[in-house]
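Participant: Prediction below, plus the sequence it came from.
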Amino acid sequence: MKLLPVIHLLFAMSLSFTSYTMAAGGQINFTGTLEESQCTPIDSTIIVSLGRIGVDTFTGLASTSEKRAFDIALKDCTSNGGSLKVSVTFTGSDGNTNDYLDIPTGLGNATGVEIVLYDADQGVLPLRQESDQVIVSEAGGNLTLSFFAGYRQTSVEQVTPGRANGIVAFTLTFL
């Protein structure tokens with residue numbers, strides 16, 4: 001009868017010897033090339049006047065003002081035989097999470113509007129979305145990327161007058 005505890009002990013010890021762990025590994029190789037910029041913006045700060053717009057321009061939710069054209073001018077572009085393409089991505093504050101640029105809140109600022117960006121064909125270009133690609137055709141030349149901007153009413157409530165300024169950053173992507 002004293003043999004039973006010894007058998008249980010031997011069984012438990014045998015289990016500890018049969019468990020094992022397997023591990024496998026590998027490596028990741030990163031490759032890339034650093035090169036000169038493909039194009040350089042002529043102006044790193046661009047001022048776009050959206051004008052003086054009457055609040056009666058806005059007739060309800062999502063109504064818009066007149067669009068104003070603006071350009072991002074590039075210089076010293078390398079064309080790579082016509083294979084270089086460039087696009088633009090705009091980023092800024094969109095607290096309403098609707099991809100349009102917020103107007104700062106505070107004393108003296110307008111309410112009920114936001115700034116909408118448009119591509120060259122006047123289609124809405126949401127924040128953080130890459131624009132259509134434009135081919136750089138001339139080595140060492142200049143290139144102009146065209147866009148539009150305007151105001152859009154954000155609510156069914158009346159738009160109130162005041163400053164309606166906004167700031168976006170732009171990033172050029174070369175492909």
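Facilitator: Structure received. Residues are numbered from 1 along each chain as shown.

Participant: What ranges in this protein fall below the confidence cut-off?
Facilitator: Within the chain, the set of residues satisfying pLDDT under 70 comprises 1-23, 32-37, 79-82, 95-97, 138-139.

Participant: Can you list the residue ranges for helices in it?
Facilitator: Listed in chain order, the helices of the chain (DSSP state H) span residues 3-18.

Participant: State which strand of it is the longest.
Facilitator: Criterion DSSP state E: the longest strand present in the chain is strand 141-153.

Participant: Which residue, neighbours along the chain excluded, lies closest to the most centrally placed residue in the chain?
Facilitator: Nearest to the mean C-alpha position of the chain, counting by Cα atoms, centre = their mean, stands residue 128 at 1.9 Å. For residue 128, ignoring the flanking residues on the chain, the nearest one in space by Cβ to Cβ, 6 or more residues apart in numbering is residue 91 at 5.8 Å. (C-beta placed from N, C-alpha, C; glycine too.)

Participant: Please apply the same query to residue 122.
Facilitator: Nearest residue to residue 122, sequence neighbours excluded (Cβ to Cβ, 6+ apart): residue 148, at 5.6 Å.

Participant: about what we covered before: extract the C-alpha set from the longest strand of the chain and format it as CSV.
Facilitator: This file holds the C-alpha atoms of strand 141-153, laid out as CSV (Å, rounded to 0.1, in the frame of the first residue of the first chain):
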residue,chain,number,x,y,z
GLY,A,141,11.4,72.9,-64.5
ASN,A,142,8.5,74.3,-62.5
LEU,A,143,5.1,72.7,-61.8
THR,A,144,1.9,74.3,-60.5
LEU,A,145,-0.6,72.3,-58.5
SER,A,146,-4.0,73.9,-58.5
PHE,A,147,-6.7,73.7,-55.7
PHE,A,148,-9.7,75.5,-54.5
ALA,A,149,-11.1,76.3,-51.0
GLY,A,150,-14.4,77.7,-49.7
TYR,A,151,-16.6,77.8,-46.6
ARG,A,152,-19.3,75.2,-45.8
GLN,A,153,-22.1,75.6,-43.3
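
Participant: mind checking how far the residue nearest to the centre of the chain is from residue 78?
Facilitator: For residue 128, the distance to residue 78 equals 27 Å [Cβ to Cβ, to the nearest Å].
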